[in-house]
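>>> coordinates for the following, if possible.
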Amino acid sequence: MTRYDARPLVRADWAWVQAWFTDATLDRELGPLDEEWLEHVLADQEGVELVVTDCGGAAVALVGVAWDPDGATHGITDLAVDPARTASTASLSGPAPRARGARSGRAARRRRGGSVR
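Below you'll find the predicted structure:
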């Protein structure tokens, strides 16, 4: 069985995150990402962007999580899978559900001063 770990995104991850988002599908569904997005997720106290790694330490997914202020229910706001891994996964499990604008909508609400929960 493959073991996965999760850790918060750090600035040193930015180069490979940008490389992932050169994938047209990933960029269309969850992008675009920019320095403003990076600065926001690094400073965010209402949630966290997690890097999921395999047993060898390679990043396999990014998962955005919004914290529930009451601590009862937290929510996943976005899920991005390493584009190099999606072709083999899709052939085994079929197409993944689409999460249109999850990341870009989240950033837009923050820019307008709105709360994201």
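
>>> quick one: the helix or strand Trp37 falls within to chain centroid distance?
Assigned by DSSP states H and E, Trp37 falls within helix 35-43. Taking CA atoms, centre = their mean, to the nearest Å, one finds helix 35-43 lying 12 Å from the centre of the chain it belongs to.

>>> tell me the mean pLDDT for it?
Taken as a whole, helix 35-43 has a mean pLDDT of 94.

>>> for stretch 29-43, list the C-alpha coordinates in CSV.
Provided in CSV are the C-alpha atoms of stretch 29-43 (Å, rounded to 0.1, in the frame of the first residue of the first chain):
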residue,chain,number,x,y,z
GLU,A,29,-10.1,24.5,-14.0
LEU,A,30,-8.2,26.0,-11.0
GLY,A,31,-5.9,28.7,-12.3
PRO,A,32,-4.5,31.0,-13.1
LEU,A,33,-2.1,31.2,-10.1
ASP,A,34,0.1,34.2,-9.5
GLU,A,35,2.3,35.8,-6.9
GLU,A,36,-0.7,37.3,-5.2
TRP,A,37,-2.2,33.8,-4.8
LEU,A,38,1.1,32.5,-3.3
GLU,A,39,1.4,35.4,-0.8
HIS,A,40,-2.2,34.9,0.2
VAL,A,41,-2.0,31.1,0.9
LEU,A,42,1.3,31.5,2.8
ALA,A,43,-0.3,34.1,5.1
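
>>> alright, I will stop here.
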